[in-house]
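Trainee: show me the folded form of this:
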Amino acid sequence: MAILDGKVAVVTGGGRGIGRAHCLQLAGAGAAVVVNDIDIDEAQKVVAEITGRGGRAVADASNISSAAGAQSAVDLSISEFGQINIMVANAGIARDRTFLKMTEEELNSVMDVHFKGTFFCLQSAARQMQAQETGGALVTTVSAAHFGNFGQANYSAAKGAIASLTYTLALELARYGIRVNGISPLATTQMSNTYKGAGGKDVELPYHDPELNGPMLIYLCSDEGNYISGQIFGTGGERITVLNQPKYGTGIYRPDGWTLDEIRKHFKTHMGQLLEPVGLMKTPYPFLDGIVPPTKS
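Mentor: Purely as a prediction, here's the structure:
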């Protein structure tokens, strides 16, 4: 008996890349899969791969960036397979641009697909799981870009929001037997080709097989993983890592509180060397000498 036999999963953005790999892995572990992708042709190709291997799958082209679209994907799961046990919110797009040049459309489109799409899909799935009284697994997709990445103010902000959403939903939904975790997958895809290194320079990345994210995903979605919730894992390649949750670090304290004069006197001396480096490709904190506008020509 496979570890996900009898389970039904919806995977958004399942037509290509990491989403396709998720679908194949989940089906290989015994789950029936709704392959959601706005490119229905790509979704149908994945369905053909799954059914060709003896699995069960159906294609869905719902636009999950709206509540109605997310509900449509869940409804298809119910009509085709009778239930939903797993929701993997994977769909994403990139609209990279430096902050000062970014347009409203480039912001909205990324937030719509990544954050709103995740929110609505998890909400629709969780409501159905609550009604079924079966519990279930919700999986979000985060990225190390939410540490900060040049040219991705929209994308990194969306991923940071998804991380915070993951922690919150784990607290709210545990009472219904629903666990909520995130993965930060390592994989070579169309989206990873947009990655920029320090200063916005192009970086040639090694190839990483998207399917290597699948084993941890399967474990999180299985009944054996029912003790894990509110966590985000770096997956793929050779690694499984736990991403540290936000927390307060070292502090300085003054019995009567801090005045501006006291901050000016003590802050840089006591805290200057403790300031956090910024960005995905972290270096020692670079700003101690100050950030000043360019010299006027």
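Trainee: I'd assumed residue 84 was in contact with residue 74.
Mentor: Yes. Between residue 74 and residue 84 a contact is recorded at 5.8 Å, counting by C-beta atoms under 8 Å. In this view, the C-beta of every residue, glycine as well, is placed from N, C-alpha and C.
Trainee: how about the strands in the stretch 51-200 of the chain?
Mentor: 57-60, 86-88, 136-141, 178-185 (DSSP state E, counting those that start in this stretch).
Trainee: these: which one's closest to residue 278?
Mentor: For residue 278, the closest of those is strand 178-185, at 17.9 Å, according to C-beta to C-beta.
Trainee: now do the helices in the stretch 101-250 of the chain.
Mentor: 104-111, 117-132, 153-173, 214-221 (DSSP state H, counting those that start in this stretch).
Trainee: residues touching residue 180, list them.
Mentor: Going by C-beta atoms under 8 Å, 6 or more residues apart in numbering, residue 180 touches 122, 137-140, 166, 169-170, 173, 229-230.
Trainee: that older thread, using JSON lines, lay out the strands of the stretch 51-200 of the chain together with distance to residue 127.
Mentor: Below are the strands of the stretch 51-200 of the chain laid out as JSON lines (distance: least, C-beta to C-beta, whole Å):
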{"stretch": "strand 57-60", "distance to residue 127": "18"}
{"stretch": "strand 86-88", "distance to residue 127": "11"}
{"stretch": "strand 136-141", "distance to residue 127": "11"}
{"stretch": "strand 178-185", "distance to residue 127": "10"}
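Trainee: what's the most buried one of those strands?
Mentor: Of those, the one with the most neighbours on average (mean count of other C-beta atoms under 10 Å) is strand 86-88, at a mean of 30.
Trainee: output the contacting helices and strands for that strand.
Mentor: Packing contacts for strand 86-88, counted by 3 or more C-beta pairs under 8 Å, 6 or more residues apart in numbering; DSSP states H and E, involve strand 8-12, helix 17-28, helix 117-132, strand 136-141, helix 214-221.
Trainee: which strands and helices sit next to the third one?
Mentor: Put plainly, it is helix 117-132. Using 3+ C-beta pairs under 8 Å, 6+ apart, helix 117-132 is in contact with strand 8-12, helix 67-81, strand 86-88, strand 136-141, helix 153-173, strand 178-185.
Trainee: who's in contact with the longest one?
Mentor: If you take C-beta under 8 Å, 6+ apart as the criterion, helix 153-173 is touched by 89, 94-99, 102, 106-107, 110-111, 114-115, 118-119, 122, 126, 138, 140-143, 145-149, 179-182, 229-232, 243, 245.
Trainee: now with 6 Å, please.
Mentor: 99, 107, 110-111, 114-115, 118, 126, 140, 142-143, 145-146, 149, 180, 182, 229-230 (C-beta atoms under 6 Å, 6 or more residues apart in numbering).
Trainee: and these, which are buried?
Mentor: Neighbour counting with 16 or more other C-beta atoms under 10 Å marks 107, 110-111, 114-115, 118, 126, 140, 142-143, 145-146, 149, 180, 182, 229-230 as buried within those.
Trainee: ok so, going back, how about the strands of the stretch 51-200 of the chain in CSV, adding mean pLDDT and distance to residue 34?
Mentor: Below are the strands of the stretch 51-200 of the chain laid out as CSV (pLDDT from 0 to 100; distance: least, C-beta to C-beta, whole Å):
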stretch, mean pLDDT, distance to residue 34
strand 57-60, 98, 5
strand 86-88, 98, 10
strand 136-141, 98, 14
strand 178-185, 96, 18
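Trainee: where do the contact lists of residue 74 and residue 84 overlap?
Mentor: 125, 128.
Trainee: looking at the helices of the stretch 101-250 of the chain, which is closest to residue 60?
Mentor: So among the helices of the stretch 101-250 of the chain, helix 117-132 is nearest, using C-beta to C-beta, at 11.5 Å.
Trainee: got the buried residues for that closest one?
Mentor: 117-126, 128-130, 132.
Trainee: which one among the residues you listed gets closest to residue 55?
Mentor: residue 125 (20.4 Å).
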